[in-house]
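Chemist: I would like the atomic coordinates for the input below:
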Amino acid sequence: MTSRKVPVTIITGFLGAGKTTLVRHVLENAEGRRLALIVNEFGDVGVDGSILKSCGIESCPEENIVELTNGCICCTVADDFIPTLEALLSRSPQPEHIIIETSGLALPKPLVKAFEWPDIRSRVTVDGVVTVVDGPAVLAGRFADDPVKLAAQRAADPSVDHENPLEEVYEDQLLCADLVVLNKTDLMTSDEATQISSDIKANIPREIKIIATREGKIPAGVLLGLSAAAEDDLAARPSHHDGEEGHDHDDFESFIVEIPTLSSPTDLATRAKQIATDHDVLRVKGYAAVDGKPMRLLLQGVGQRVETRYERAWTPSEPRIGRLVVIGQKGLDRNAIVRALSGDA
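Modeler: Predicted structure coming up:
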């Protein structure tokens with residue numbers, strides 16, 4: 001018998017940064033570890049979990065992949081997260097390492113604080129918080145990470161009376177990190193990647209490691225085994241929401257669009273790019289059926305950057321119906337977006 005705590009790695013990062021791709025790579029290259037995975041979606045969508053469960057990965061069987069789709073994990077700790085964690089710990093054989101993929105809108109610090117609970121603290125430890133950063137998105141100025149510049153902008157414009165909530169999410173995810181993965185470096189120059197790394201380090205008040213990568217390809221041995229015990233180090237992880245009971249996601253909305261069989265995979269990519277332009281959609285992701293193709297088409301879109309690839313074969317028992325999750329700030333024209341993605345616009 002052993003009293004060793006089960007290590008837990010929290011994978012966080014903004015919408016479309018590449019968290020699911022990184023998690024899948026770790027599961028497929030687990031180096032002999034017996035893993036479990038908790039996937040948290042924004043809204044009742046269940047797409048990321050479906051993608052990961054379909055992998056058939058030996059290190060993390062389907063029964064060890066749990067989806068939490070009742071909202072942001074950092075807001076539903078007591079109701080959803082703690083019971084799920086306890087259920088995983090009671091399994092035989094017990095997982096050797098648990099990975100949590102948060103939603104893109106989650107603040108990691110409230111989740112880390114949950115590991116202070118006595119019933120949990122004696123059994124698990126936060127091995128590390130890994131924040132995945134979408135390098136090209138930051139490069140494009142999607143977040144103003146210069147506090148001096150931000151203060152000057154607010155002072156000059158009386159209509160700006162609060163910080164962009166997207167900014168706060170991004171910064172909180174960085175401030176809680178033990179390791180930052182600067183992803184999608186193939187879409188940047190080396191000088192641009194160096195500049196983003198320098199900007200991140202300048203805004204985090206402690207020493208952390210930044211690893212540049214593409215397609216989330218980081219060895220499991222680098223991500224797992226950080227031994228940070230983050231639950232004992234909360235004071236070093238400042239947050240915009242320290243002292244608050246929780247945080248509000250009312251600025252965002254998500255919904256699912258079911259789409260008919262496509263005549264061409266490029267059709268869907270074109271539609272996804274168009275809704276990003278016309279409706280300022282932050283994220284679109286999911287899968288679709290293509291006429292004459294036995295494989296399911298996976299789509300991942302962040303603004304104008306849209307990628308598609310064939311993921312796996314459709315099973316005989318599942319309907320060939322495409323499902324896409326659309327995420328954006330409140331006020332999306334849902335009907336117009338549904339028509340555009342369905343090819344009816």
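Chemist: give the rounded mean pLDDT of the host helix or strand of residue 10.
Modeler: In this structure, residue 10 is located in strand 6-13 according to DSSP states H and E. Averaged across strand 6-13, pLDDT comes to 94.
Chemist: how far off centre is it?
Modeler: Per C-alpha atoms, centre = their mean, to the nearest Å, the displacement of strand 6-13 from the mean C-alpha position of its chain is 12 Å.
Chemist: what's the first helix or strand after it?
Modeler: Using DSSP H and E, the first helix or strand after strand 6-13 is helix 19-28.
Chemist: and that next one, what does it pack onto?
Modeler: With contacts taken as 3 or more C-beta pairs under 8 Å, 6 or more residues apart in numbering; DSSP states H and E, helix 19-28 sits against strand 6-13, strand 35-40, helix 47-53, strand 97-101, helix 220-223. Where you see a C-beta, it was placed from the backbone N, CA and C, and this is true even at glycine.
Chemist: relative to strand 35-40, how tilted is that helix?
Modeler: 170 degrees (axes from the mean of the first three to the mean of the last three C-alpha atoms, to 10 degrees).
Chemist: ok, and for helix 19-28, which residues are buried?
Modeler: Of the residues in helix 19-28, 19-27 count as buried by neighbour count, 16 or more other C-beta atoms under 10 Å.
Chemist: run a quick neighbour tally on residue 238.
Modeler: Applying other C-beta atoms under 10 Å, we find 16 residues neighbouring residue 238.
Chemist: thinking again about what came up before, which two among the buried residues of helix 19-28 are spaced furthest apart?
Modeler: 19 and 27 (12.5 Å; C-beta to C-beta).
Chemist: got the contact list for stretch 261-272?
Modeler: 259, 284, 288-291, 297, 299, 301, 306-308, 320, 322, 324, 340-341, 343 (C-beta atoms under 8 Å, 6 or more residues apart in numbering).
Chemist: which residues of the stretch 201-345 of the chain fall in strands?
Modeler: Along the stretch 201-345 of the chain, the stretches classed as strands by DSSP state E, counting those that start in this stretch are 209-212, 252-259, 283-288, 295-302, 305-313, 322-329.
Chemist: the first one pairs with which strands, parallel or anti?
Modeler: Translated: strand 209-212. strand 179-183 (parallel) (DSSP bridges).
Chemist: with just CA atoms, put the strand it pairs with into CSV.
Modeler: Presented in CSV, the C-alpha positions along strand 179-183 are these (Å, rounded to 0.1, in the frame of the first residue of the first chain):
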residue,chain,number,x,y,z
LEU,A,179,4.7,26.1,-17.7
VAL,A,180,3.6,28.0,-20.8
VAL,A,181,3.4,26.3,-24.1
LEU,A,182,3.8,28.8,-26.9
ASN,A,183,1.9,27.0,-29.7
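Chemist: I'd like the buried residues of helix 19-28 as CSV, with pLDDT and distance to residue 333 appended.
Modeler: Below are the buried residues of helix 19-28 laid out as CSV (pLDDT from 0 to 100; distance: C-beta to C-beta, whole Å):
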residue, pLDDT, distance to residue 333
19, 89, 27
20, 84, 27
21, 86, 29
22, 91, 32
23, 89, 32
24, 86, 33
25, 87, 36
26, 90, 37
27, 87, 37
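Chemist: how about those in CSV, adding distance to residue 211?
Modeler: Shown next, in CSV, are these (distance: C-beta to C-beta, whole Å):
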residue, distance to residue 211
19, 14
20, 18
21, 15
22, 11
23, 15
24, 17
25, 13
26, 13
27, 18
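Chemist: rewinding a little: which of the helices and strands packed on helix 19-28 has the lowest mean pLDDT?
Modeler: Looking at the helices and strands packed on helix 19-28, the bottom one is helix 47-53 with a mean of 51.
Chemist: buried stuff in the next helix or strand after it?
Modeler: Proceeding N to C from helix 47-53, the next assigned helix or strand is strand 65-68, under DSSP H and E. For strand 65-68, a neighbour-count test (16+ other C-beta under 10 Å) marks 65-68 as buried.
Chemist: and stretch 180-197, by the same measure?
Modeler: Buried residues in stretch 180-197 (16+ other C-beta under 10 Å): 180-185, 188, 193, 196-197.
Chemist: show me which pair in those is furthest apart.
Modeler: Top of the distance list for the buried residues of stretch 180-197 (C-beta to C-beta): 180 and 188, 14.9 Å.
Chemist: hmm, back to that, tell me the one of the buried residues of helix 19-28 nearest residue 108?
Modeler: residue 19 (11.9 Å).
Chemist: what's the closest non-adjacent residue to residue 311?
Modeler: residue 298 (4.1 Å; C-beta to C-beta, 6 or more residues apart in numbering).
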